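S.K.: build me a structure from this.
(one chain, ligands or ions: 1)
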Amino acid sequence: MKIAHQIGVGSVTINQKAQQYLQEVIRSNRLSYGPFSQRFETAIAKLHDCRYAVFVNSGTSALQLAVAALKEKYRWQDGDEIIIPALTFVACSNVVLQNNLRPVFVDVHPEYYNLDPAKIELAITAKTRAIMAVHLFGQPAEMDKIMAIARKHNLKIIEDSCETMLARYDGKSVGSFGDISCFSTYACHIICTGVGGLAMTNDQELAVMLRSLANHGRDAIYLSMDDDKTENRNKLGMIMERRFNFVRMGYSYRATEMEAALGLAQVEEIAANVRQRRENAAFFLQQLQRWEKFLQLPRIMPKAEHSFMMFPLVVRDSRIKRDELTLFLEENNIETRPMLPLTNQPYNQALFGAGLKEQFPVAKYINEQGFYIGCYPEMTEEEKKYIVDKFAEFFRR
Ligand SMILES: Cc1ncc(COP(=O)(O)O)c(C=O)c1O
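M.R.: Next up is the predicted model:
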């Protein structure tokens, strides 16, 4: 029996609250940065123990601004290096290159899939300025060890938390470890606003720089269209003088009130969202356990919470071809994705040499053997059972 609809790697539900907020945006006649953006930023920053959040049009934009802001504040030079995992989404190396810096890849942990702290120090050179710690699939990277290395070598930390929200490591929230942390609200992510992303920080100077960079590099005196609403004549004069000043070369990365309204409605229900993801994952872990000799199931690190944006699996029996399994699942309307190939991308091989992927054997293995399926909260009991039945059918063959 084949289910009639596709069970995707993610889903979108625009619930009553979201519809109400969208109506409020439409009635307000205000689409650019306004009350919904402010409320969304404040709520999501608070949830991740951050003081400031800047809502932009994508997680990639947030990462690009994070690198640019740190480069400016700490006067990094072109060609300086940032350590990034050899297994992650392409945006991580792209934003480093786009800022005229050099990504230095480090292999990942074979069971947790995030940066392997034991391998970081080997990659540090006199030019290393930062580590980009990526929390993949919903699980935090090993932040205590990564922070200790950063302190020892005086490196900044960028957290790429695009795939992880509301998860703690050693009691501390993702997003609150780094100098700047970045989140995505693109399709299939824990919160989905269509497009969107956030850069968060506890450093006021960096927060102002991030907002300025997202607004063409504007003078800090006028970063929102409300900033010139004042009764004070002298102040108004000063703002008018500076409101078309651009103090750095920036970008146009703003999001709208529509995305913020969708985001706010979901932030208000994020605890239930993540709880249901964890329940789904517990179900899959329990049901798929019987094929553990063929499949490596996700493992939760000691000290970590997992928010299961996805459910990652690695085929570990050489008699089973990963591509045959994923083709079988897709033929049966269960969507899959590979586990974030980076070092085998044609353009990265052109830039860093054809042997790039061979230098990171764990990432290579996961690229070749891994894939993920969805774990989203709207998945029904019937859909979850169907997925398990299809694995059973495949392994029976
Ligand atoms: C780890 C990681 N970093 C960055 C991004 C980029 O986010 P966006 O698609 O919002 O630009 C993604 C997106 O999927 C991601 O998974």
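S.K.: number of nearby residues for the residue nearest to M379 when sequence neighbours are not counted?
M.R.: In this structure, M379 finds its nearest non-sequential neighbour in N280, 5.8 Å apart by C-beta to C-beta, 6 or more residues apart in numbering. Where C-beta positions appear, they are placed from N, C-alpha and C, glycine not excepted. By the measure other C-beta atoms under 10 Å, the count of residues near N280 is 22.
S.K.: just R319 next, same as before
M.R.: Neighbour number of R319 under other C-beta under 10 Å is 6.
S.K.: ok, back up a step: just the buried positions in the host helix or strand of the residue nearest to M379, please.
M.R.: N280 belongs to helix 270-288 when assigned by DSSP states H and E. Across helix 270-288, burial judged by 16 or more other C-beta atoms under 10 Å covers 270, 273-274, 276-278, 280-281, 283-284, 287-288.
S.K.: ok, those residues vs the ligand, which is closest?
M.R.: Relative to the ligand, the closest of the buried residues of helix 270-288 is R277; by C-beta to the nearest ligand atom it sits at 15.7 Å.
S.K.: quick one: that closest one and M379 touch, right?
M.R.: No. Using C-beta atoms under 8 Å, R277 is not in contact with M379, being 9.1 Å away.
S.K.: so which elements touch the next helix or strand after the helix holding N280?
M.R.: Toward the C-terminal end, the helix or strand that comes next after helix 270-288 (DSSP H and E) is strand 295-296. For strand 295-296, the packing partners by 3 or more C-beta pairs under 8 Å, 6 or more residues apart in numbering; DSSP states H and E come out as strand 310-315.
S.K.: without its sequence neighbours, what residue ends up closest to whatever residue of the chain ends up closest to the ligand?
M.R.: Using C-beta to the nearest ligand atom, the closest approach of the chain to the ligand is made by G59 at 2.7 Å. The shortest distance from G59 to any non-neighbouring residue, by C-beta to C-beta, 6+ apart, is to S184 (2.8 Å).
S.K.: I'd like the distance between the one you found and K46.
M.R.: Counting by C-beta to C-beta, to the nearest Å, the separation of S184 from K46 is 19 Å.
S.K.: so these two - more neighbours on which side?
M.R.: Set side by side, S184 and K46 show more neighbours around S184, with 30 against 12, by other C-beta under 10 Å.
S.K.: got the contact list for the more buried one?
M.R.: 58-60, 62, 162-163, 196-197 (C-beta atoms under 8 Å, 6 or more residues apart in numbering).
S.K.: and for Y33?
M.R.: The neighbourhood of Y33, defined by C-beta under 8 Å, 6+ apart, consists of 55, 224-225, 254, 257.
S.K.: tell me which of those residues fall in strands.
M.R.: Here DSSP state E is the test, and those give F55 as lying in strands.
S.K.: looking at the contacts of Y33, which has the most residues close by?
M.R.: Most crowded among those, counting by other C-beta under 10 Å, is F55 at 31 neighbours.
S.K.: tell me the pLDDT of A354.
M.R.: Here the pLDDT value assigned to A354 is 88.
S.K.: ok, back up a step: around the residue of the chain closest to the ligand, count how many other residues there are.
M.R.: G59 has 26 nearby residues by other C-beta under 10 Å.
S.K.: got TSV for the contacts of Y33, with distance to the ligand and pLDDT too?
M.R.: TSV is the format used below for the contacts of Y33 (distance: C-beta to the nearest ligand atom, whole Å; pLDDT from 0 to 100):
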residue	distance to the ligand	pLDDT
F55	12	98
S224	22	91
M225	25	91
R254	14	97
E257	18	98
